[in-house]
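Peer 1: Provided below for reference: sequence and predicted model.
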Amino acid sequence: MLSTELTVPSNGRTLQVPKPATPYQGDIARYWDGEARPVNLRLGDVDGLYHHHYGIGDVDHSALGADGDEQKLIAELHRLESAQADLLLKHLGDIGPDDTLMDAGCGRGGSMVMANQRFGCSVEGVTLSAKQAEFANGRAAELGIQDRVRARVCNMLSTPFDTGQMAASWNNESSMYVDLHDLFAEHSRVLKVGGRYVTITGCWNPRYGQPSKWVSQINAHFECNIHSRREYLRAMADNRLVPQAVIDLTPDTLPYWKLRATSSLVTGIEEAFIKSYEDGSFQYVLIAADRV
Ligand SMILES: C[S@@+](CC[C@H](N)C(=O)[O-])C[C@H]1O[C@@H](n2cnc3c(N)ncnc32)[C@H](O)[C@@H]1O
Ligand SMILES: CC(C)=CCC/C(C)=C/COP(=O)(O)OP(=O)(O)O
Ligand SMILES: [Mg+2]
């Protein structure tokens, strides 16, 4: 076994995973290995697309029914989360079946499956969590797309992919765990010239001044490090990623949070998101950039 690998028990088997590059990455791997919140699993059970990101769009109150049916509320939250991934994929541009895409921080793989279903392309996902990679690969096998959709345990700052291999790449709510200069250097390396990079992320708003107490609360809750909007644009500019669209999705995500706050699946972080979006200290943004 290479000295850079660890063996961890997984479903009665042993799985070799790379040793975390830093102690912090070890913390994040443990965090996601241990994550099993109903707000994520029960939403994923609706149609087998398991997301670890939030939702956008208006709530369809007619779909909720008048009777307070929890299953209908769960289905509605899930619809809004899938709408978020749909928007991200729409910004990847013209992708064909011969293309390969990279999902940096792929979680349980919901966005990867949606990309394959939309474009017929191959998708390579990386996550720090062995549990998540196994889950994503299990779902791909169940869908019969395991030769097109694959997750691996790997640091998104140092991937095994070839230079210029990817037609497009993205971070869906996963860029707050890494240094943005290191991250965009790696995307820039694996993307072909003319390729598209997209992120949907929460960022603190420089117009507010500094990160608010709500932003600090979100950081503590998820053990992450939310960057500012300014930092995103600067780190992209430094790495040959030229923004083609910057969309403020804050008004579009608030209905999701307000609906979620009324559900039995609340996790306690709802107030921090709602208050920080409303006081302007935090923004939910999509940034699409061309690799030039
Ligand atoms: C909030 S989840 C988002 C998952 C997925 N993008 C989605 O939309 O469902 C954050 C993900 O980032 C991954 N992550 C964080 N730091 C990473 C790193 N350095 N390398 C690879 N993955 C990382 C975590 O393992 C986790 O899968
Ligand atoms: C926008 C920001 C700051 C995101 C931080 C990253 C994150 C934890 C995303 C959602 O994951 P999840 O779906 O596992 O979270 P939850 O359990 O709250 O639904
Ligand atoms: Mg969630």
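Peer 2: Ah, there it is. Numbers count the residues shown, from 1 in each chain. Ligands and ions are numbered 1, 2, ... in the order given.

Peer 1: can you tell me if the helix or strand harbouring residue 141 touches ligand 1.
Peer 2: Under the criterion DSSP states H and E, the helix or strand holding residue 141 is helix 130-143. Yes: residues of helix 130-143 are located near ligand 1 by CB under 6 Å from any ligand atom, namely residue 132. In short, each C-beta sits where N, CA and C put it, glycine included.

Peer 1: that helix packs against which elements?
Peer 2: strand 5-10, strand 13-18, helix 23-33, helix 110-119, strand 122-127, strand 149-153 (3 or more CB pairs under 8 Å, 6 or more residues apart in numbering; DSSP states H and E).

Peer 1: so which bits of the protein are right by ligand 2?
Peer 2: Residues of the chain lying close to ligand 2 by CB under 6 Å from any ligand atom are 37, 39-40, 52-53, 173, 176, 202, 218, 222, 224, 226, 267, 269.

Peer 1: nearest residue to residue 178 in space, please, no chain neighbours.
Peer 2: Nearest residue to residue 178 in three dimensions, chain neighbours excluded: residue 157, at 5.9 Å (CB to CB, 6 or more residues apart in numbering).

Peer 1: who's in contact with that neighbour?
Peer 2: By CB atoms under 8 Å, 6 or more residues apart in numbering, the contact list for residue 157 reads 21, 178, 179, 182, 183, 186.

Peer 1: now tabulate those in TSV and tack on pLDDT, distance to ligand 1 and neighbour count.
Peer 2: As requested, the contacts of residue 157 are arranged in TSV below (pLDDT from 0 to 100; distance: CB to the nearest ligand atom, whole Å; neighbours: other CB atoms under 10 Å):
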residue	pLDDT	distance to ligand 1	neighbour count
21	97	7	13
178	99	5	23
179	98	10	14
182	98	9	14
183	99	8	24
186	99	10	20
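
Peer 1: tell me the one of those nearest ligand 2?
Peer 2: Each of the contacts of residue 157 was scored against ligand 2 by CB to the nearest ligand atom, and residue 178 proved nearest at 11.9 Å.

Peer 1: pretty sure that closest one is touching residue 128, no?
Peer 2: No: proximity of residue 178 to residue 128 does not meet the contact threshold set by CB atoms under 8 Å, at 10.2 Å.

Peer 1: look up the closest residue to residue 142, ignoring the ones flanking it.
Peer 2: For residue 142, the nearest residue in space outside its immediate sequence neighbours is residue 48; the separation is 7.6 Å by CB to CB, 6+ apart.

Peer 1: how near is the one you found to ligand 2?
Peer 2: Noted for residue 48: a distance of 16 Å to ligand 2, by CB to the nearest ligand atom, to the nearest Å.

Peer 1: could you do residue 47 as well?
Peer 2: Following CB to the nearest ligand atom, the distance that separates residue 47 from ligand 2 is 16 Å.

Peer 1: count of residues packed around residue 222?
Peer 2: If you count neighbours by other CB atoms under 10 Å, residue 222 ends up with 15.

Peer 1: please consider this matter closed, and thank you.
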